[in-house]
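[1] Task: produce atomic coordinates for the following.
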Amino acid sequence: MRSACARLRALLVAVAVALCVNGLLGAAPAAADGGPKATPAPRAAPISRSYPRSFSTYDGLVEYASKVAEDQQTLNDQLADLAQREHATATALAAVLAPEVRHRLADVDADLIDSPRTARLRSQLAVDAAARQELVVSGATARAVEPWKLPLEGEITQGFGPTSAFFEPPLAYGGTVYAHFHAGTDIAASWGSPIYAPAAGTVIFAGTMGDGAEVVVIAHDSGLVSMYAHLDNFAHPPTVSAGDTVQAGDQIGNVGLTGITTGPHVHWAVWRDGELIDPLSLVGG
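    Sure, this is the predicted structure:
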């Protein structure tokens, strides 16, 4: 009989603690007056954001996309920090409740749940839950950082960096001015070959630039922006539009001959925090 009572008592303790903590995490009450206050999350990159339909220059397009990527990373960082704080608060609350429930099983009632020691933690959980919801609505994500994939199968005909090709313009990169610099990676493939997003992100622009090139630009996590130029816009127009969310492997367009080009290929360029980087440096093995 005593053994059965002991088992029942232990079960009740576990259930009481679980209900207290899980109930608070799943349906946190509103913060009490004088308790922690929620700071409204910046609506930096809301889902319904309206993107410009055209850009007069590539620099203007990249600058705008980089700002979107920066805003997105700010939201992601805030969401990650909030998740850590919620975990710490829930752990602290469990530590407070467990010994009280164990030693005062007969008195488990509203007095325990609303005790001074738990009130502050409950209030903090409520504030954090509201802040998390606001961040998610604003577009924050908790995606894991993964190596990028190549945007298409083909032959790399010109790499990123200084070059002897006379038709490439001069560029200052890494503190050095180069007479000719190729600001991306060219991948040749047959006309109409599908092009895929190498990583998750949001399409900032899909359209024709002033030089006639059909272009798709995507803002990614970690302040990264990628561009795909010379896409087809006749038989196979881009399969995405500004504002679309893409995942790694989603088709965004097809190889074309638009703009200034000598053959069907994709000019693939990437920027981190507004600075050019070698696209292949992001590709995993």
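[2] so how far is the helix or strand hosting Val62 off the chain centroid?
    Following DSSP states H and E, one finds Val62 within helix 58-103. Put simply, helix 58-103 sits 12 Å off its chain's centre (Cα atoms, centre = their mean, to the nearest Å).
[3] Secondary structure element holding the residue nearest the centre of the chain?
    The chain has Asp221 as the residue nearest its centroid, 4.3 Å off, counting by Cα atoms, centre = their mean. Assigned by DSSP H and E, Asp221 belongs to neither a helix nor a strand.
[4] Would you mind splitting the chain into its domains for me?
    2-31+49-137, 155-282 (automatic domain parsing).
[5] would TSV of those domains with mean pLDDT and distance to Trp148 be doable?
    Glycine gets a C-beta too; all of them are placed from N, C-alpha and C. Shown next, in TSV, are those (pLDDT from 0 to 100; distance: least, Cβ to Cβ, whole Å):
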stretch	mean pLDDT	distance to Trp148
domain 2-31+49-137	67	14
domain 155-282	96	4
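[6] highest average neighbour count across these?
    Looking across the domains of the chain with neighbours counted as mean count of other Cβ atoms under 10 Å, the highest average goes to domain 155-282: a mean of 18.
[7] May I have the distance across that domain, first residue to last?
    Chord length of domain 155-282, first to last residue, is 18 Å (Cα to Cα, to the nearest Å).
[8] re earlier: backbone phi and psi for the residue nearest to the centre of the chain, please?
    phi -70, psi 170 (degrees, to the nearest 10).
[9] Might one say that it is in contact with Gln73?
    Yes. Contact criterion Cβ atoms under 8 Å: Asp221 and Gln73 qualify, at 6.1 Å.
[10] give me every residue that touches the residue nearest to the centre of the chain.
    Applying Cβ atoms under 8 Å, 6 or more residues apart in numbering, we find Asp221 in contact with Ala69, Gln72, Gln73, Asn76, Thr141, Arg143, Val145, Ala199, Ala200, Gly201.
[11] Closest one to Ser281 out of these, please.
    Nearest to Ser281 among the contacts of Asp221: Ala199, at 13.0 Å, using Cβ to Cβ.
[12] Beta-bridge partners for the nearest residue to Asn233 once chain neighbours are set aside, please?
    Distances taken as Cβ to Cβ, 6 or more residues apart in numbering place Glu214 nearest to Asn233, at 4.0 Å, with adjacent residues excluded. Glu214 forms beta bridges with Thr208, Leu231, as assigned by DSSP bridges.
[13] Tell me which residues touch Gly210, please.
    Gly210 neighbours (Cβ under 8 Å, 6+ apart): Ser56, Thr57.
[14] Report whether the expected contact of Thr245 with Thr202 is present.
    Yes. Using Cβ under 8 Å, Thr245 is in contact with Thr202, at 5.6 Å.
[15] on that earlier part again, which other helices and strands contact the helix holding Val62?
    Counting contacts by 3 or more Cβ pairs under 8 Å, 6 or more residues apart in numbering; DSSP states H and E, helix 58-103 packs against helix 2-26, helix 110-113, helix 116-137, strand 201-208, strand 214-219, strand 224-231, strand 265-272.
[16] Would you convert the contacts of Asp221 into CSV that also reports distance to Ala83?
    Formatted as CSV, those follow (distance: Cβ to Cβ, whole Å):
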residue, distance to Ala83
Ala69, 21
Gln72, 17
Gln73, 16
Asn76, 11
Thr141, 12
Arg143, 13
Val145, 15
Ala199, 22
Ala200, 19
Gly201, 21
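[17] tell me which of the residues you listed is nearest to Thr176?
    Here the nearest of these to Thr176, counting by Cβ to Cβ, is Ala69; it sits at 25.7 Å.
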